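J.: Model the structure of this input:
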Amino acid sequence: MNRRWWLLAIGLGMLGFIVGSFGFPNPAPQYIPPLKVTGDVTRTIKLEDPRQMGELYDLSYQGHKYKAIKLLDIIKAARPAGNPEQVYLLGSDGFAVSLKTRGLGESFITFTAENGWEAINLNHPLNSNAKMLQEIVIVSDGSSPGFGVSIINRDRELLHITPGQLYYHTLLDYPCFEGRATLQSKGKSYTSAVYTRRKLVKLRELIPAQAGDRILAMGAAGEHRYLANRGYIELRDNYLSYFQPEEHSRVDNLKGVIVNPPTASIMDCYYEIRHYLESNERVLVIVIDGLNYRQYSRVTQKGYAPFLNKAPAALMASGVYPLEGKVWRAALITGRPPEENGVIDKSDQKLAAGTIFALAEQLKNPVLLLDPGFKELNTSPKPLPINGQSASGKPDEALFDLAMDQMDQDYDLIMLRFNGMTVNSKYSGQLSDRGMTAITAIDTKLERIANKWPGRMIVVGFPAMSPAGEFSCDSMLVPYVHVK
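T.: Numbering: from 1, shown residues only. Predicted structure coming up:
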């Protein structure tokens, strides 16, 4: 080899050394494995190029120079749900590093040909510099309402857990059978089975529940499933699902679980009304906004609702998710959960299931609807207009006066809603003097209505609808009273 070729070889070698010292194997790597950013984030990220995050920082560490991304910039880009407390750096070799977020000011992520995605933590011990990273998991303090999964029973909240917090528990790397295929070739059969790997935790390892317990699982898309408690909580990037391998069934994007749920549901109202109408009985249904089961128990025991206290004891009934007034109304009048009736959020108007009003029309039963909230749904009949308030100026008075006037007409089904509790307790609290005065006023109206109405009468509570959509005993469990 002549002198010119020797010089060219030396030059190329020097160029490779310089490029390598800045953290890249070459100016345009042929393949960079993805680095996922998951956990308690509203935006999952898949890093496939160090330049993907924008500005790169020049970093010198142990005699080498790198182009790196600040770890805090990655966390910010993923839009944490709640206050991020912890970060897990997970390597392809099973090695994992846990770091508190408050000390990440000098923590970086870079990519090298030798170590793949690599963490360089200048303020942490040397063993925190994980290599061959596959995933960055952000763990929050759980302060973001409506994010994660809440597990309750009929008495209390058992657990609230987020996707990131699931890493505090032992995750099972579960091979899930997906299917089998067979090929015939030259008189022989060749069979292959396909599996997917899932990150799972047994539900009863998270809460004090037994294998024989029943659960009611609800998902973000309005799923409403009664199941045996033999399944798993499945981690899926930045959300959790409920998975039962034996049936291969799943409630995707799980929002809440009720362990040993009550036997009654607000959807029972549809079937009870149908039964009464088909039996030629008249029925009146009153919805009380802002009245959950726990509050019903308090106000009846403390004497704020003497009429309800004298009525037959309320059944505890479960509601539906999402926690939105329109969603609950749709479930009440169709007897179907949101995923089946088509009303899953406040933007939905068209019902995909028949209503009790449509059935009443088929049976030639006149219907009166006194709930302004129903104007947001494509129902027939439309609610009767309620103009202003009565002379007293108090909430619900105009609706009550109209109901009493119309009760002498030949309506077989009347549905009305009182929202005075919600209005009066919005700023002062449900257990405030204003809140208690409101329930007493409604209780008095119920007694007067019951004395005048000749048919069946049902009272159903609706919780105060929270914009955050928190799944809790107070939001999901309501009273269901057969007044007469």
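J.: shaky segments in the stretch 201-350 of the chain?
T.: Counting by pLDDT under 70, the ranges of the stretch 201-350 of the chain that qualify are 209, 211-212.
J.: now swap in the stretch 351-484 of the chain and tell me
T.: 384-395, 424-435, 467-468.
J.: mind redoing it with 80?
T.: Within the stretch 351-484 of the chain, the segments meeting pLDDT under 80 span 372-376, 380-395, 422-437, 465-469.
J.: all strands of it, in order?
T.: Listed in chain order, the strands found in the stretch 351-484 of the chain under DSSP state E, counting those that start in this stretch are 367-370, 413-418, 456-462, 477-482.
J.: In contact with residue 331, which residues are there?
T.: The contact partners of residue 331, by Cβ atoms under 8 Å, 6 or more residues apart in numbering, come to 266-267, 319-320, 337-338, 341, 343. Any C-beta I mention is one placed from the backbone N, CA and C, and that applies to glycine too.
J.: neighbouring contacts of stretch 98-107?
T.: Around stretch 98-107, the neighbours that count as contacts under Cβ under 8 Å, 6+ apart are 70-72, 75, 84-89, 119-124, 128, 138.
J.: one more time with 6 Å, if that's ok
T.: 71-72, 84, 87-88, 121-123 (Cβ atoms under 6 Å, 6 or more residues apart in numbering).
J.: Now that stretch: buried residues?
T.: Neighbour-count burial for stretch 98-107, counted by 16 or more other Cβ atoms under 10 Å, picks out 99, 101, 104, 107.
J.: Closest one of those residues to residue 274?
T.: Comparing the buried residues of stretch 98-107 against residue 274 with Cβ to Cβ places residue 101 closest, at 54.8 Å.
J.: what's the spacing between the nearest residue to residue 476 once chain neighbours are set aside and residue 238?
T.: For residue 476, ignoring the flanking residues on the chain, the nearest one in space by Cβ to Cβ, 6 or more residues apart in numbering is residue 319 at 5.1 Å. Note on residue 319: its distance to residue 238, by Cβ to Cβ, to the nearest Å, is 26 Å.
J.: now swap in residue 53 and tell me
T.: 18 Å.
J.: Check residue 464 too.
T.: 28 Å.
J.: In this structure residue 296 contacts residue 479, no?
T.: Yes. If you go by Cβ atoms under 6 Å, residue 296 and residue 479 touch, sitting 4.0 Å apart.
J.: Return every residue with contacts to both of these two.
T.: In contact with both residue 296 and residue 479: residue 314, using Cβ under 6 Å, 6+ apart.
J.: picking that back up, between residue 53 and residue 238, which one's more packed in?
T.: Residue environment comparison for residue 53 versus residue 238 gives the larger neighbour count to residue 238, 25 against 16, counting by other Cβ atoms under 10 Å.
J.: I figured the more buried one was touching residue 38, is that so?
T.: Yes. Counting by Cβ under 6 Å, residue 238 does reach residue 38; the two are 5.5 Å apart.
J.: who's residue 315 bridged to?
T.: The bridge-partner assignment for residue 315, based on DSSP bridges, gives residue 480.
J.: actually residue 368, not the one I typed
T.: With DSSP bridges as the criterion, the beta-bridge partners of residue 368 are residue 414.
J.: Narrow the contacts of residue 331 to those in helices?
T.: Taking DSSP state H, the ones among the contacts of residue 331 that sit in helices are 338, 341.
J.: Residue 102 versus residue 263, what's the distance?
T.: Using Cβ to Cβ, residue 263 is found at 48 Å from residue 102.
J.: Just the CA trace of the strand or helix carrying residue 327, in PDB.
T.: Assignment of secondary structure by DSSP states H and E places residue 327 within helix 325-334. Once side chains and other backbone atoms are set aside, the C-alpha atoms of helix 325-334 remain, and they are given as PDB (Å, rounded to 0.1, in the frame of the first residue of the first chain):
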ATOM      1  CA  GLY A 325     -74.900  13.700  33.800                       C
ATOM      2  CA  LYS A 326     -75.800  12.900  30.200                       C
ATOM      3  CA  VAL A 327     -74.200   9.500  30.400                       C
ATOM      4  CA  TRP A 328     -76.100   8.600  33.500                       C
ATOM      5  CA  ARG A 329     -79.400   9.800  32.000                       C
ATOM      6  CA  ALA A 330     -78.900   7.700  28.900                       C
ATOM      7  CA  ALA A 331     -78.200   4.600  31.000                       C
ATOM      8  CA  LEU A 332     -81.300   5.300  33.200                       C
ATOM      9  CA  ILE A 333     -83.700   5.500  30.300                       C
ATOM     10  CA  THR A 334     -82.300   2.700  28.100                       C
END
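J.: Begin at 20 from now on, thanks
T.: New numbering, starting at 20: the last item is helix 344-353.
J.: Can you give the distance of that helix from its chain's centre?
T.: Averaged C-alpha coordinates place helix 344-353 at 18 Å from its chain's average position (Cα atoms, centre = their mean, to the nearest Å).
J.: Find residues that contact each of residue 257 and residue 57.
T.: Contact criterion Cβ under 6 Å, 6+ apart; residues bridging residue 257 and residue 57 by contacting each: residue 63.
J.: Quick check on the contacts of stretch 117-126: which are buried?
T.: For the contacts of stretch 117-126, buried by 16+ other Cβ under 10 Å: 90-91, 103, 106-107, 140.
J.: out of these, which are inside helices?
T.: Those of the buried ones among the contacts of stretch 117-126 mapping onto helices are 90-91, per DSSP H.
J.: between the buried ones among the contacts of stretch 117-126, which is closest to residue 345?
T.: Looking across the buried ones among the contacts of stretch 117-126 and measuring by Cβ to Cβ, the closest to residue 345 is residue 103, at 33.6 Å.
J.: Can you verify residue 136 is assigned to a helix?
T.: No. Checked against DSSP: H, G, I helix; E, B strand; the rest coil, residue 136 lies outside a helix; its state is strand.
J.: what's the neighbour count on it?
T.: Should you count by other Cβ under 10 Å, residue 136 turns out to have 25 residues around it.
J.: Name the nearest residue to residue 167, sequence neighbours excluded.
T.: If you skip the residues right next to it in sequence, residue 167 has residue 181 as its closest partner in space, 3.7 Å away by Cβ to Cβ, 6+ apart.
J.: If you could redo that for residue 401, that was the one I meant.
T.: Ranked by Cβ to Cβ, 6+ apart and with sequence neighbours excluded, the top spatial neighbour of residue 401 is residue 394, at 6.3 Å.
J.: can you count the residues close to that neighbour?
T.: Here the neighbour count serves as a burial measure; for residue 394 (other Cβ under 10 Å) it reads 13.
J.: Quickly note the distance from it to residue 400.
T.: With Cβ to Cβ as the criterion, residue 394 and residue 400 are 11 Å apart.
J.: that older thread, now, among the contacts of stretch 117-126, which is nearest to residue 163?
T.: Minimum distance to residue 163 across those is 10.5 Å, recorded for residue 103 (Cβ to Cβ).
J.: List the contacts of that closest one.
T.: Shown here is residue 103, whose contacts under the criterion Cβ under 6 Å, 6+ apart are 94, 120, 157, 159.
J.: which among these end up buried?
T.: Among the contacts of residue 103, the ones that count as buried (16+ other Cβ under 10 Å) are 94, 120, 157, 159.
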